[in-house]
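Asks: next input, structure requested:
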Amino acid sequence: MEYKIVKIDASNYARFSDMVYWRINGVERKIDSAPVSKRLQDELLNPNLEVYGVEVGQQLVGWISLVYIPKIGKYGGYGHVYVDELWVHKQYRRNGFAEALMLKADEFAVKMQATGVRLYVGSENSGARTLYEKMGYKAAGDAVFMVKG
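Replies: Got it, this is the predicted structure:
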């Protein structure tokens with residue numbers, strides 16, 4: 001299946017927003033033509049954030065959100081890239097899209113001179129764990145995901 005990896009910016013954010021809607025609600029919607037807010041434009045221009053989508057035809061069917069977090073002390077000023085989110089619509093899985101998106105994490109780490117790439121994955125998410133292990137990631141202890149607000 002032919003596809004492209006595209007960087008998400010203000011020019012294609014409406015299609016990205018529609019894909020997120022599709023993920024959350026399970027149904028597609030037409031492209032939201034509302035202008036991208038100044039806040040979103042600023043976020044998309046943040047040098048510590050990169051978001052990429054998988055484009056099949058004119059449709060985005062998956063994405064990865066990457067965040068670089070600077071670190072001082074132990075790592076001598078070199079931080080880590082974190083995979084914040086990775087998702088591919090179930091119809092499009094097993095086409096190499098997630099692997100192609102994960103390669104963007106490696107590229108971003110090189111660009112930012114990061115110490116490495118980190119991610120969290122649910123212990124019950126065996127498909128994702130298999131993908132990450134295939135790409136060279138290994139479990140580095142147990143963690144509990146916590147949120148506030």
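Asks: first-to-last residue distance for stretch 120-135?
Replies: End-to-end span of stretch 120-135 (C-alpha to C-alpha, to the nearest Å): 14 Å.
Asks: what are the buried residues along it?
Replies: In terms of neighbour count (16 or more other C-beta atoms under 10 Å), stretch 120-135 has its buried residues at 121, 131-132. The C-beta positions use only the backbone N, C-alpha and C, and glycine is treated the same way.
Asks: what residue is smack in the middle of this structure?
Replies: Closest to where the C-alpha atoms of the chain average out (C-alpha atoms, centre = their mean) is Ile64, at 1.6 Å.
Asks: before we move on, back to that, which ones among the buried residues of stretch 120-135 are found in helices?
Replies: Cross-referencing these against helices under DSSP state H gives 131-132.
Asks: closest to Glu28 out of the buried residues of stretch 120-135?
Replies: Nearest to Glu28 out of these is Leu131 (C-beta to C-beta; 24.7 Å).
Asks: so the closest one is in contact with Leu101, correct?
Replies: No: Leu131 is not in contact with Leu101 according to C-beta atoms under 8 Å; the separation is 10.2 Å.
Asks: between these two, which contacts overlap?
Replies: Common contact partners of Leu131 and Leu101 (C-beta atoms under 8 Å, 6 or more residues apart in numbering): none.
Asks: list phi and psi for the nearest residue to Val56 once chain neighbours are set aside.
Replies: Sequence neighbours aside, Tyr3 is the residue nearest to Val56 in space, at 5.0 Å (criterion: C-beta to C-beta, 6 or more residues apart in numbering). The phi/psi pair for Tyr3 (degrees, to the nearest 10) reads phi -150, psi 170.
Asks: contact partners for Tyr3?
Replies: Counting by C-beta under 8 Å, 6+ apart, Tyr3 touches 54-56, 61, 95, 97, 100.
Asks: which residues touch the lowest-mean-pLDDT helix or strand in the chain?
Replies: Within the chain, no helix or strand scores below helix 126-134, which has a mean of 86 by mean pLDDT, DSSP states H and E. Helix 126-134 has contacts (C-beta under 8 Å, 6+ apart) with 86, 93, 98-99, 102, 119, 121-123.
Asks: and of those residues, the nearest to Pro35?
Replies: Nearest to Pro35, judged by C-beta to C-beta, of the contacts of helix 126-134 is Leu86 at 27.8 Å.
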